[in-house]
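K.L.:
build me a structure from this.
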Amino acid sequence: MFDLIVIGGGPAGLTAAVYARRAGKTVLVLEKDALGGQITWSPKVENYPAVPSVSGMELGNLMAEQAMEMGAEVEIDEALRIEDCGSHKRVFGSFGAEYEGRAVILAAGARPRKLGLEREEDLVGSGVGYCAVCDGAFFKGQPVAVNGGGNSALQDAVLLSELCSRVYVIHRRDGFRGEEALVETLRGKENVEFVLNAVITELEGEEELSGIVVRQNGANREIPVSGLFVAIGHEPDIGAFAGLVELDDRGYAASGEDCLTRTEGVFVAGDCRSKRIRQVTTACADGAVAALAACAWLDR
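P.N.:
Purely as a prediction, here's the structure:
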């Protein structure tokens, strides 16, 4: 029986683990993929206080090491559902394991949003990807495309421009939502082309991606690429726990800055919570708030 079970090993969950351990609580972190969360996909993080520049992978590793060195236990397992047993919660894992804790923090994060195109699923891993940091090196010297207009898409394009022969940045609007500094960096690269007011309508290639069809200003354009990295946002990964928390119309946990939910002993933190700004710093802030709220509830 743990005092606290944290579902999700990203910045929110790991921060929560650190704060709970500092309060003397026993903590289990359940992570279904790899510790560090979405930040590990960022090639360079330059907006984390006191750290001028660091790779997302390194930052995530440091957070995980700190939590474990402070005594938090970690299991790589997916939490499928939670049963409210009154005095405690029972979490059911994907391998048949059951974990029990007096309180739970949901820090499950979000998953990449997909284009919804025909054969997109079939081509994942064969040209279509959602993590340029993970898979960009496979396309060294080849033409690729990035779909999206936020910071993630622009960061992906910067990374790929150092590896690939050509990078097409495709966005459905005539301007980017991401930071102007990233846009200017890309404008200065000869092998980067902005394809604006454009939507990808078709994926070409049989067993591997060979190109994309883009609808731009009313006309179709074929662009030969070996890789396509989709960076059009994320969807909350919290639907399995809808019985314990109220969700908003987009599927995020409808919780305020206090990180409370409608279920006693269940708290929420990070990108799965309904909020306007989703950054590594706001995820860490949520983790601290949720952990302190959980500790206060446990002490009562």
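
K.L.:
wait, L35 touches E75, no?
P.N.:
No: at 10.9 Å, L35 and E75 do not qualify as touching, with contact defined as Cβ atoms under 8 Å. Where you see a C-beta, it was placed from the backbone N, CA and C, and this is true even at glycine.

K.L.:
higher neighbour count, the two?
P.N.:
Neighbour count, other Cβ atoms under 10 Å: between L35 and E75, L35 has more, with 21 against 17.

K.L.:
which helices and strands sit right next to the top helix by length along the chain?
P.N.:
Longest helix of the chain, by residue count under DSSP state H: helix 280-299. Helices and strands touching helix 280-299, as assessed by 3 or more Cβ pairs under 8 Å, 6 or more residues apart in numbering; DSSP states H and E, comprise strand 2-7, helix 11-22, strand 98-106, strand 266-268.

K.L.:
report pLDDT for D237.
P.N.:
pLDDT recorded at D237 is 85.

K.L.:
list the contacts of R215.
P.N.:
198-201, 221 (Cβ atoms under 8 Å, 6 or more residues apart in numbering).

K.L.:
the domain parsing of the protein - what is it?
P.N.:
2-112+234-299, 120-230 (automatic domain parsing).

K.L.:
point out the most buried one among these.
P.N.:
domain 2-112+234-299 (a mean of 20; mean count of other Cβ atoms under 10 Å).

K.L.:
so where's the chain shaky on pLDDT?
P.N.:
Of all residues in the chain, none has pLDDT under 70.

K.L.:
quick check, central residue of it?
P.N.:
Q38 (3.4 Å; Cα atoms, centre = their mean).

K.L.:
surely that residue is in a helix?
P.N.:
Yes: applying DSSP: H, G, I helix; E, B strand; the rest coil, one finds Q38 inside a helix.

K.L.:
just send the helices and strands packed on helix 280-299 back as JSON lines, with distance to G239 too.
P.N.:
Converted to JSON lines, the helices and strands packed on helix 280-299 look like this (distance: least, Cβ to Cβ, whole Å):
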{"stretch": "strand 2-7", "distance to G239": "13"}
{"stretch": "helix 11-22", "distance to G239": "18"}
{"stretch": "strand 98-106", "distance to G239": "11"}
{"stretch": "strand 266-268", "distance to G239": "13"}
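
K.L.:
of all those, which lies closest to A132?
P.N.:
When the helices and strands packed on helix 280-299 are compared by Cβ to Cβ, helix 11-22 sits nearest A132, at 19.7 Å.

K.L.:
for the closest one, packing partners?
P.N.:
strand 2-7, strand 27-31, helix 56-69, helix 280-299.

K.L.:
okay, angle between that helix and strand 27-31 too, please.
P.N.:
Inter-element angle recorded for helix 11-22 and strand 27-31: 160 degrees (by axes from the mean of the first three to the mean of the last three Cα atoms, to 10 degrees).

K.L.:
now do the shared contacts for L35 and E75.
P.N.:
Joint contacts of L35 and E75 (Cβ under 8 Å, 6+ apart) are V29.

K.L.:
how about the helices and strands packed on helix 11-22 in JSON lines, adding distance to L154?
P.N.:
Putting the helices and strands packed on helix 11-22 into JSON lines (distance: least, Cβ to Cβ, whole Å) gives the following:
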{"stretch": "strand 2-7", "distance to L154": "31"}
{"stretch": "strand 27-31", "distance to L154": "28"}
{"stretch": "helix 56-69", "distance to L154": "14"}
{"stretch": "helix 280-299", "distance to L154": "16"}
